[in-house]
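Student: What would the 3D arrangement of this be:
(2 chains)
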Amino acid sequence: DTGVSQDPRHKITKRGQNVTFRCDPISEHNRLYWYRQTLGQGPEFLTYFQNEAQLEKSRLLSDRFSAERPKGSFSTLEIQRTEQGDSAMYLCASSLSSLADDEQYFGPGTRLTVT
Amino acid sequence: DAKTTQPPSMDCAEGRAANLPCNHSTISGNEYVYWYRQIHSQGPQYIIHGLKNNETNEMASLIITEDRKSSTLILPHATLRDTAVYYCIVRAFNSGNTPLVFGKGTRLSVIA
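Tutor: Below you'll find the model as predicted:
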């Protein structure tokens, strides 16, 4: 399977713990996005990378959140001192900037539950 | 905020055409209409996009009104596997640095 992959698929953690999620985009895609989705809502943008550069961050991305894409390939999203309000599905998407329509391909998501 | 309005839910009989409406009355001249869908417990999946002409691909057809203020996504022969939340999104073309802005979408239930 050459689609976007995310790991883990599910994570249960206690409030106050740190968690880290990984996203592996489609191999030739240079753009990578993180979104968050809560129950009954559509996905909300968190942050975006072009290659290794983080070009945009949503106001939703508090200082407890940090994302990296060190070599322009896989990306990690870390949440420090988790809160119950962080419980959500975290989605990763990738795209290829050379394509005019820049279609975003999404991974299956990581479902985070903070107890 | 999302720039589109969609009904929260619709039902469709299996084998019939599913017609999903979307209002985007404030759409700009350089903005396209995109449709994505999200099957339960999966990430969103791209379906189709268009500017002002009707578009068709192997998954669906997109009909955009002449004034571009609304559109309809048509699944010609809905199957049970088409049960999903369908999102209509307006987005400037070639705007990879602009994230997708999702609303709540339409939950389509295909009934046997």
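Student: For chain A, which residues are neighbours of chain B?
Tutor: A:4, A:31, A:33, A:35, A:40-45, A:48, A:50, A:55-56, A:58, A:91-93, A:95, A:97, A:100-109 (CB under 8 Å from any CB of the partner chain). From N, CA and C alone the C-beta is placed, and that goes for glycine too.
Student: Please check these and keep the buried ones.
Tutor: Buried subset of the residues of chain A next to chain B (neighbour count, 16 or more other CB atoms under 10 Å in any protein chain shown): A:4, A:31, A:33, A:35, A:42-45, A:48, A:50, A:58, A:91-93, A:95, A:101-102, A:104-109.
Student: Inside helices: which ones of the residues of chain A next to chain B?
Tutor: Among the residues of chain A next to chain B, DSSP state H puts none in helices.
Student: Where does pLDDT dip in chain B?
Tutor: B:1-2, B:94-97 (pLDDT under 70).
Student: who does the residue nearest the centre of chain A bridge with?
Tutor: By CA atoms, centre = their mean, the mean C-alpha position of chain A lies nearest to residue A:34, the distance being 3.2 Å. For residue A:34, the beta-bridge partners are residue A:47, residue A:92 (DSSP bridges).
Student: Please apply the same query to residue A:54.
Tutor: residue A:49.
Student: where exactly do the strands run in chain B?
Tutor: Using DSSP state E, the strands of chain B run over B:9-13, B:18-23, B:31-38, B:45-50, B:55-56, B:61-64, B:70-75, B:84-92, B:106-111.
Student: would you turn the ones you listed into JSON lines with distance to chain A?
Tutor: Shown next, in JSON lines, are the strands of chain B (distance: least, CB to the nearest CB, whole Å):
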{"stretch": "strand B:9-13", "distance to chain A": "12"}
{"stretch": "strand B:18-23", "distance to chain A": "13"}
{"stretch": "strand B:31-38", "distance to chain A": "8"}
{"stretch": "strand B:45-50", "distance to chain A": "5"}
{"stretch": "strand B:55-56", "distance to chain A": "11"}
{"stretch": "strand B:61-64", "distance to chain A": "13"}
{"stretch": "strand B:70-75", "distance to chain A": "16"}
{"stretch": "strand B:84-92", "distance to chain A": "6"}
{"stretch": "strand B:106-111", "distance to chain A": "10"}
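Student: how about the ones you listed in a markdown table, adding mean neighbour count?
Tutor: Shown next, in a markdown table, are those (neighbours: other CB atoms under 10 Å in any protein chain shown):
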| stretch | mean neighbour count |
| --- | --- |
| strand B:9-13 | 14 |
| strand B:18-23 | 20 |
| strand B:31-38 | 22 |
| strand B:45-50 | 18 |
| strand B:55-56 | 15 |
| strand B:61-64 | 19 |
| strand B:70-75 | 20 |
| strand B:84-92 | 22 |
| strand B:106-111 | 18 |
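Student: Check which helices and strands the helix or strand of chain A with the lowest mean pLDDT is in contact with.
Tutor: Lowest by mean pLDDT, DSSP states H and E among the helices and strands of chain A is strand A:53-57, with a mean of 90. Applying 3 or more CB pairs under 8 Å, 6 or more residues apart in numbering or on different chains; DSSP states H and E, one finds that strand A:53-57 contacts strand A:44-50.
Student: How far does the strand it packs on sit from its chain's centre?
Tutor: Its chain's C-alpha centre and that of strand A:44-50 lie 8 Å apart, by CA atoms, centre = their mean, to the nearest Å.
Student: where do the strands sit along chain A?
Tutor: So, for chain A - with DSSP E - the strands run A:5-7, A:10-13, A:19-24, A:31-37, A:44-50, A:53-57, A:65-68, A:75-79, A:88-95, A:105-106, A:110-114.
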